[in-house]
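Asks: need the 3D shape of this:
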Amino acid sequence: MVTATVMVTAMGMAMEMTKNKVMLCQHHHQTAKMTEIITDNSVTRILTCFVMIIALCIVLAGCKQGGNAASGQAIQNDSVQVVTPRFTRPDIPVMITDPNLQLEYYTRHYWDHFDFADTTYIPVPDITEQAWVDYIDLLFRLPLNKAQEELKAMMAKSAEGSKKLFLYFTEIAEKYLHDPNSPARNEELYIPVLEVMLQTPALDDTEKIRPQMRLDWAYKNRIGNKATNFQYAGITGQTGALYQINTAYILLFFNDPGCTSCIEHVEGIRQSAMMNRLISERRLTILSIYPEKDVDAWKNNYTVYPAEWIKGYDPSFTIGEKYDLKASPTLYLLDKDKMVLLKDASLALIENYLMFMLQQN
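Replies: Residues are numbered from 1 along each chain as shown. So this is what the prediction gives:
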């Protein structure tokens, strides 16, 4: 307010000085004409007066420029300064010494100093997106149920603030937790995000169509639930069913032999000493299923699969309605009761899980 007042005052002073300069010039012009009439030595006196008038005008012009300069400085001082938002992380109370409790406290209070109504956080991904990525890394260290509770609470709080910022967080969640190419992809953590999107009044019915579809797929064959049974047919026409397999673990391998990544996965399983040992001990079954309709193409590439695997295709061509096959290949790990242990998981994650389970037994 003070700077703006100074600016207006300086501009007023400049305008007033300009007005005075015109009046003074007119005054001296009139004086010169009067001198010319009264005085006999008119030429000398006119030249003298003319020089004085020019000098005075120059002085006044300088004053005007000084006034404008002062005004310009005031405008510069009154310019809006853009302040980059900061993300302030919480401090853990010194009385909390247990590492697990420290992690829980830090995660629960991670967003305490964040203004979910401040949209200036959106254009600075180095701050906002990075803070969110670090938060997801913290959630990965918590038990799944606690991580889901924390993420759902955070997204619900975001939905109560700026809708624009809330949508920004949903886009980041999709990028990291849902995108098939994301190394942090985790459907179980993406589910709370979708649930909040459907529950919040911040989104209209149209904006909830896609989240609803994604949530429906996420609920199918979810981790901890029993996998959907299906029939398959082999290359010679023999048929079988998922529920007929009775090994400790079943690896569902939905793939297309014409896909480069699928062949890489075939080779990865073939070269896994641990998985091959489980197969030879009849503790692991690889059920390779071709989900597309071009059965002839599958039959022509049938030899890429190891002989000890079960290889088949879906004769009803409805497997895509039962299992979420948004990418090829797609892998599920089941236990002997056909409960889903891992869904849409990487081969490395499946190997690590099996190795961990073997060490526990």
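Asks: isn't residue 197 right next to residue 211, touching?
Replies: Yes. Counting by CB atoms under 8 Å, residue 211 is a contact partner of residue 197 at 4.2 Å. C-beta: built from backbone N, CA, C; applies to glycine.
Asks: do you know the pLDDT at residue 38?
Replies: Note for residue 38: predicted pLDDT of 32.
Asks: the helices in the stretch 201-350 of the chain, which residues?
Replies: 209-219, 260-270, 273-280, 295-300, 319-322, 347-360 (DSSP state H, counting those that start in this stretch).
Asks: then the stretch 51-200 of the chain?
Replies: 99-108, 128-139, 144-159, 163-173, 187-199.
Asks: winner for burial among those?
Replies: Comparing those by mean neighbour count (mean count of other CB atoms under 10 Å), helix 187-199 ranks first with a mean of 20.
Asks: who touches it?
Replies: 136, 139, 144, 147-149, 151-152, 155-156, 159, 170, 173-174, 177-178, 203, 207-208, 211-212, 214-215, 218-219, 222-223, 343-344 (CB atoms under 8 Å, 6 or more residues apart in numbering).
Asks: figure out which of the helices of the stretch 201-350 of the chain is closest to residue 131.
Replies: helix 209-219 (23.1 Å; CB to CB).
Asks: what's the closest one packed up against?
Replies: helix 187-199 (3 or more CB pairs under 8 Å, 6 or more residues apart in numbering; DSSP states H and E).
Asks: between residue 197 and residue 211, what contacts are shared?
Replies: With CB under 8 Å, 6+ apart, residue 197 and residue 211 have common neighbours residue 203.
Asks: pick out the residue closest to the middle of this structure.
Replies: residue 172 (2.0 Å; CA atoms, centre = their mean).
Asks: which residues touch that one?
Replies: The contact partners of residue 172, taken as CB under 8 Å, 6+ apart, are 129, 132.
Asks: one more time with 10 Å
Replies: Residues in contact with residue 172 (CB atoms under 10 Å, 6 or more residues apart in numbering) are 125, 128-129, 132-133, 136, 193.
Asks: give me the pLDDT for it.
Replies: Residue-level pLDDT assigned to residue 172 equals 97.
Asks: cool, residue 181 as well?
Replies: 85.
Asks: quick one on the thing from earlier: so which of the helices of the stretch 201-350 of the chain gets nearest residue 182?
Replies: helix 347-360 (13.3 Å).
Asks: helices or strands next to that closest one in the packing?
Replies: strand 249-254, helix 260-270, helix 273-280, strand 330-335, strand 340-343 (3 or more CB pairs under 10 Å, 6 or more residues apart in numbering; DSSP states H and E).
Asks: among the ones you listed, which comes closest to residue 303?
Replies: helix 260-270 (11.0 Å).
Asks: could you export that closest one as PDB, CA atoms only?
Replies: C-alpha atoms of helix 260-270 as PDB (Å, rounded to 0.1, in the frame of the first residue of the first chain):
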ATOM      1  CA  THR A 260       8.500 -59.800 -27.900                       C
ATOM      2  CA  SER A 261       8.000 -59.100 -24.200                       C
ATOM      3  CA  CYS A 262       6.200 -62.400 -23.800                       C
ATOM      4  CA  ILE A 263       9.100 -64.400 -25.300                       C
ATOM      5  CA  GLU A 264      11.400 -62.600 -23.000                       C
ATOM      6  CA  HIS A 265       9.300 -63.800 -20.100                       C
ATOM      7  CA  VAL A 266       9.300 -67.300 -21.400                       C
ATOM      8  CA  GLU A 267      13.100 -67.200 -21.400                       C
ATOM      9  CA  GLY A 268      13.200 -65.600 -18.000                       C
ATOM     10  CA  ILE A 269      11.100 -68.500 -16.500                       C
ATOM     11  CA  ARG A 270      13.100 -71.100 -18.400                       C
END
